Each structure stands twice: as structure tokens, then as C-alpha cells.
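J.: This is the structure alone, sequence omitted:
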């Protein structure tokens, strides 16, 4: 039996769970959370079976995707919009890790959301829909289908970030904040979504179809001839969608605010779904993006700048979850930068007429880092959730010394921190060094000095990442308790610690997968003028060799270790007083970082200056022009009918008189016409 | 042979009597009768032309018309009877509830 033909069930199972939990969850005490969890498990198992079948099948060996005949959805003119399934190695990797992590997060929710009472139904229904959205996006076979699931995720993130907008455990002020954070997330990502949609129109116009098969299977180069500019504009607009969804510069500001939601939701958004969709879109659209080297340069620069500024904002933040949010933005920047750098290499080689391009390190690095990041970021968030669950605050200044009370949490979080900081042999180390290598490749080739700049940014970011992650860890778990009033409940229940332990294993070891399994899977090649995803990779040992024999690996490693050491000296040993470096928090840069480089103000200013006036104009037009026309017509009708209805007196004889007069009038008209010879 | 003009004159006088009665009388029975007069004026007109041009087929139409008129009067009187039962009047000026 071929399970791969049931791929469409993968998003359908969580969707079904959403319907069941949404309709009947209220009747059960735990809100039917078990249904949501079972659906995630089923989705994961099915994903695993499908992936196994695909990877062992002939299609994978030939570097082809599994694409069953799509269902025709809408046909208009010469265009046909389809609904179908597209399984290639990227799809498999994505759906494996997102369903796996979602499954663990769902299990973790049993403990974390245990005190929510009746609102559990809503929670479990929404996270099930969230997962359905992500999995649907992953298996989509065309851009429009993808966009639909993309929007489903947007709605779910809005609902879940604002989950506590009714009643926040920290009081009313926090619930107002949650509501406005949800609105912000929705509106800011909406800006990107509008770009995405416009991009779809442009691409539909350029290609006459939105199916991946039709758009990607064109031989290299034939697309560029003629409508290269159109495709460039289309992909640029698509990338606008990515900037919104994956919180890239300059739309990065919604993600830190999104911390107002429950921590499990943050884990879901940051690790398994939502923000990963943007990176996935770039990886999926690689055949379109690599048509143009300047396009890839823009992508890489946006990624690099995002990585840097987000990491710098995490340096002095005191909120446990906010630091993690900034680190997510920063790591997403890394992924986008790697994809941009890899695509730049392919684009320049293609411009020189190469028909065979052997692998893009950037592509491999970006997707690989996305997977590793999913593991360690889910782990970090769930550890943070465990801490918050135990102490009831997110302010790190009040924590400290929790390591003794929460052994499992502190150790698993340490693994997560080591992994994200790029400590040797943890998963983050491998993927981060592949990214460094990917960014260095075009810089060394002398293609662009921009990449040298990006490489320096990436190095500084690596240092900052190590520093702020260990600052977080030391402030939370090391030393003595800072606030005597803070009561710690001790270690969290098994439903919460078990996922932590499982994830910590992956966060520590998933990097090794690259050397004997993923090296053949996460690849993007140009073979004989056609794009091939997966199936033809480097030898795993070659990759290992390249990483270990690259001097820059050791530079970034040294910087990371220095960051860890600095954090240790500042926050564990207290040998260096951080207040001395920033003049008690009064330096200009410190304030700029706390105010997030004034981005929130910038958003407000733009919204107020530009948006308000535009809105006023639209309001005027709406009230006066559109409403005026409609009201005028209806008023004229009302007035004239008000007069005419008086004729309807109810006296039958009046009607007879009207009729007689009418007949006489007609008679006279005809009479006169005949007499005067009109006929 | 009576000239056709006399028939037409007679018909016009009958029609006018009926119309005036229809417009000025307030008893609905009388109004119904006036309608019948107008109908028969038309029938008279019809038969006069028929005999003038020599088309005997027209007589069939007139007979049909009279038959229909009889049925129509039956319906009319039934309506009036019901109106009388509910309103206790046959005065057309009091039967004005079907209005704006």
C-alpha cells in the first residue's frame, strides 16, 4: 500500500481535530485536549511514513517531486487554479519537524495550560488549526493554496497571541496589552500578506499559472528572457510577505510583542509554525529567487541586518521571553541571510551560463539551521514556560538561583543555550558554521564586498547570541534568589518535563544528522539546466571536513566562547558590573536598545501621519460620495412614492375616474393626430 | 333598414349612462348594474357592426360575452354579499380599506 497518496490527510487530521474540539470540547472537563494531541501524533506518524516512502522511492533518487494530479478549483479565462499536493525532500523535512515539535508542545500544554478551565477548548481548537495551517502550507502544490494556509496561520496567531486578552493571569493591564499585541501581530504581518498577494498577481500574469510544477520546471534561463523584470518584481513582493511573516527588518517589531500570549503559543509560533513559513517560502521559491542576483543580494542583506539588530536588542532586555523572541528574529535573519548568500552564488553562476551547479551551501545551511533552530528554540521556550509556570513572573531581575529547585528545566535549558550559542558539537554549532561558510563563499569569490560586511555582522551576532543566551541562563538559574517574595513551586509536572528532555536530545544531536542523512536531502542543485531539490548532495564527511578545516569556524567559535565567558563574569561571578558599562542604563545606546531602536514609535508615526490622513480621506469619500449617492437615490424614491401613493385613496370610483380620464386623453391625442394627418 | 349611426348613438348613450352611474352613485349594487349597462353597450356596438358588414360569426362572440358577463355578475354579487356581511353596508364610500 502506498501511503504517500494519503499526504493530503496530514493537514486534514489537525483540521478535523479543530472542528471536533471546537464543537464538542466544551462538554468535557479537559476541553478535549487529547483529541488535539492525538491529531498531532497522527499527523507526525503519517508524515514519517510518507517521508520514509518518498526517501526510499524512485522519485527521490531521480530528484523529482511527488505530485499527484491536482483538483481543479477555479478556472477563469486561460488561468486555472488548482488544489494539490507537492512532496519533495524539503516538504518532508519541514513536515517532520513541525509536526514532531507541535506534538511535544501539545503534550506540554496539558501541564502549562492546566489551570485555564473552560477556555481550554478554545486553546486546543486554535492550536490544532494552527498546526493544520502549517502542514497545509507545507504540502501545498501552488502559491494560492499556500497563501490560504498562510492566512489561516495569520488568524490563528492573532487569536492565540490574544488568548489572554479576556482575562490575563497578571491582571487587567496585561490583558489589554495582549489584545493590542495580537492586533499588532495581525496588522504588521498583514502588510507583508498584501505584498505576498500582489506578488501572486504579478507571477500569475507572468507565468499564466501558480502551480509549482509550471513555474519551477521551466529550463533555466528561458524564464529570464523576456519577462525577467516582471519575475523580479513578483519575487520581491513575495519576499515582502516573508519579511512580514518571518519578522524580518523592518517589520520585525511584532514578534517581541507577541510574547503576550501563552508561552506554549510562543514556542509554537517560533519553532514549529508561523515564522518558519516565511523561511520555507524562500526555500520553496528558490527557483524563482535565483533568477536574479540582485534579488538574492537584497534577501541576504535584509537577513544579515535583521540578525544583527535583533541580537543587539536582546542584550539588555530583562524579560525572559522577550530575550528569546529577539533571538528568534536574529536566528531567522541568519536563515534568510544564508538562503540569500547561497542563491547569490547560483544566480551569478547561472548568469555566466553554467548548466550544472553543484549544490548551494546557503540553501543547505538555511534549511538545516531552520530545523535545528526549531528544536532548540522550542526547547528554550518550553523551559522558559516551565520557569514562568513555577515562579509566576517573566522578569529576570527577580529570578536567580532557580537551578537548584528546577534541576531538569535548568539542565535542558543549558543544552538549548549551548546549542543556540554554537558551542561545539551541539546542533547550532554545525548549522551556524555552515551559514558562516555560505556567507563567506561569495565574499571570498570577490563577487561582492557586501557579503564581507554581512559576514562581519554575522560574526558579531554570533558573539552577541552567546552572550545574551548565557546572560539569560545565569540570571535565571545561577546565583542566589534575588527576590525573597518570589515563590517557586519547584519542578514542573512530567507532562512538561518529558517534552523538554526529548527536545534536549534533539537540540544536542540533530546537527549530526547532516553527516549521514540530511546531506542528501536538504540540497538544491542545477543539473542539466533544471532545478533539482534533494537527492544529490555532498558527502557528509566532506561537509564535516570543510567545517573543521575552515579557520573562520574557529574565529566564530572563539567569539561565542568569549560571549559565554563575558556573561559568566558579569552575571554569575559578578566580577564585572554591567551597570558600569552602561552608566546605570543611561547611555544613549542602552536607551535606544530598550526602546527597540524606536521602531514602535516609527510604526506609530507612520501609521498616524500617513495612515490617519489617508483614512480621513477615505472616510470622507465613503460618507459623502458613496453614501451620498446611495442615500440620494433612496431619498428621491421615498419622496416621489410618498406623493404618488396618495392617489391610492381606496375609493373605487376615483380609480374609475382616473381610468376614464386616461382613456379620454388617449382618445383625444389620437383624434388630434389623425385629424392633423400625423398618421 | 335602420342606419348604423342610430345603433352607435344608442350604444354611446347607454355607455355614457353607465359611466356616469359608475362615477357618481354610491350604492354598489347600482354600480354593478351600471357596469352591466356599459358592457351591453359594447355588445350592442359589436352586433351592430356585425350585421352592417355581414359577419354572422360575431354573434357567437356576443353570446359568449353575455355568458361571461353573467358569471362575472355572480362573482361581483358574491363579493358584495361578503362585504355587506363584514361591514354591514353596501355604500362604496365606506368600503375603502384597500388603500395606502
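T.: Arrived safely. Here the structure is a predicted model, which is why all the values come from computation and not from measurement.
J.: Check what pLDDT the nearest residue to residue A:78 once chain neighbours are set aside gets.
T.: Of all residues not flanking residue A:78 in the chain, residue A:208 sits nearest, at 6.4 Å (C-beta to C-beta, 6 or more residues apart in numbering or on different chains). In short, each C-beta sits where N, CA and C put it, glycine included. We note a pLDDT of 77 for residue A:208 in this prediction.
J.: Isn't residue A:208 up against residue A:77?
T.: No - using C-beta atoms under 8 Å, residue A:208 is not in contact with residue A:77, being 9.7 Å away.
J.: Tell me which of the two has more neighbours.
T.: Between residue A:208 and residue A:77, residue A:208 has the larger neighbour count (other C-beta atoms under 10 Å in any protein chain shown), namely 14 against 6.
J.: Please name the residues that touch that one.
T.: Residues in contact with residue A:208, defined by C-beta atoms under 8 Å, 6 or more residues apart in numbering or on different chains, are A:78-79, A:214.
J.: Those in helices, which ones?
T.: Secondary structure from DSSP state H places residue A:214 of those in helices.
J.: which of the contacts of residue A:208 lies closest to chain B?
T.: Within the contacts of residue A:208, proximity to chain B (C-beta to the nearest C-beta) peaks at residue A:79, which comes in at 53.4 Å.
J.: So what pairs up with the closest one in the strands?
T.: For residue A:79, the beta-bridge partners are residue A:76 (DSSP bridges).
J.: That one and residue A:208: what is the separation?
T.: Distance, residue A:79 to residue A:208, by C-beta to C-beta, to the nearest Å: 6 Å.
J.: tell me, what's touching those two both at once?
T.: Overlap between the contact sets of residue A:79 and residue A:208, as judged by C-beta under 8 Å, 6+ apart, is nil.
J.: Any chance of the contacts of residue A:208 in TSV with pLDDT and neighbour count as columns?
T.: Converted to TSV, the contacts of residue A:208 look like this (pLDDT from 0 to 100; neighbours: other C-beta atoms under 10 Å in any protein chain shown):
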residue	pLDDT	neighbour count
A:78	79	7
A:79	81	13
A:214	78	14
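J.: who's in contact with residue A:270?
T.: Counted by C-beta under 8 Å, 6+ apart, residue A:270 has contacts A:255, A:324-325, A:328, A:377-378, A:381.
J.: residues contacting the residue nearest the centre of chain B?
T.: Against the mean C-alpha coordinate of chain B, by C-alpha atoms, centre = their mean, the closest residue is residue B:36 at 2.2 Å. Neighbour list for residue B:36: B:18, B:69, B:73 [criterion: C-beta under 8 Å, 6+ apart].
J.: Pick out whichever of the residues you listed sits closest to residue A:391.
T.: Nearest to residue A:391 among the contacts of residue B:36, counting by C-beta to C-beta, is residue B:73 at 97.8 Å.
J.: What distance do you get for the closest residue to residue A:71 other than its chain neighbours to residue A:72?
T.: Once flanking residues are discounted, residue A:71 sits nearest to residue A:83: 4.6 Å by C-beta to C-beta, 6+ apart. According to C-beta to C-beta, residue A:83 and residue A:72 sit 8 Å apart.
J.: In terms of neighbours, single out the busier of the two.
T.: Shown here are residue A:83 and residue A:72; by other C-beta under 10 Å, residue A:83 has more neighbours (16 against 11).
J.: Chain B against chain A: which residues are in contact?
T.: With the criterion set to C-beta under 8 Å from any C-beta of the partner chain, chain B comes near chain A through B:19, B:22-24, B:31, B:92-93, B:95-100.
J.: Could you identify the buried members of those residues?
T.: Among those, those scoring as buried are B:19, B:22, B:31, B:92, B:95 (criterion: 16 or more other C-beta atoms under 10 Å in any protein chain shown).
J.: Surely residue A:404 forms part of a helix?
T.: No - counting by DSSP: H, G, I helix; E, B strand; the rest coil, residue A:404 is not part of a helix but coil.
J.: so how far is residue A:570 from it?
T.: Counting by C-beta to C-beta, the gap from residue A:404 to residue A:570 is 21 Å.
J.: what does residue A:308 give?
T.: Plainly put, residue A:308 is 21 Å away from residue A:570 if you go by C-beta to C-beta.
J.: if I pick residue A:334, what's in contact with it?
T.: Here residue A:334 is in contact with A:303, A:307, A:369, A:432, A:435, A:458, A:461 (C-beta under 8 Å, 6+ apart).
J.: Tell me which helix or strand it sits in.
T.: helix A:320-351 (DSSP states H and E).
J.: just how off-centre is that helix within its chain?
T.: 13 Å (C-alpha atoms, centre = their mean, to the nearest Å).
J.: and what of stretch A:509-526?
T.: Relative to the centre of its chain, stretch A:509-526 is centred 23 Å away, using C-alpha atoms, centre = their mean.
J.: likewise stretch B:41-54?
T.: Offset of stretch B:41-54 from its chain centre (C-alpha atoms, centre = their mean): 16 Å.
J.: before we move on, what about stretch A:533-550?
T.: 28 Å.
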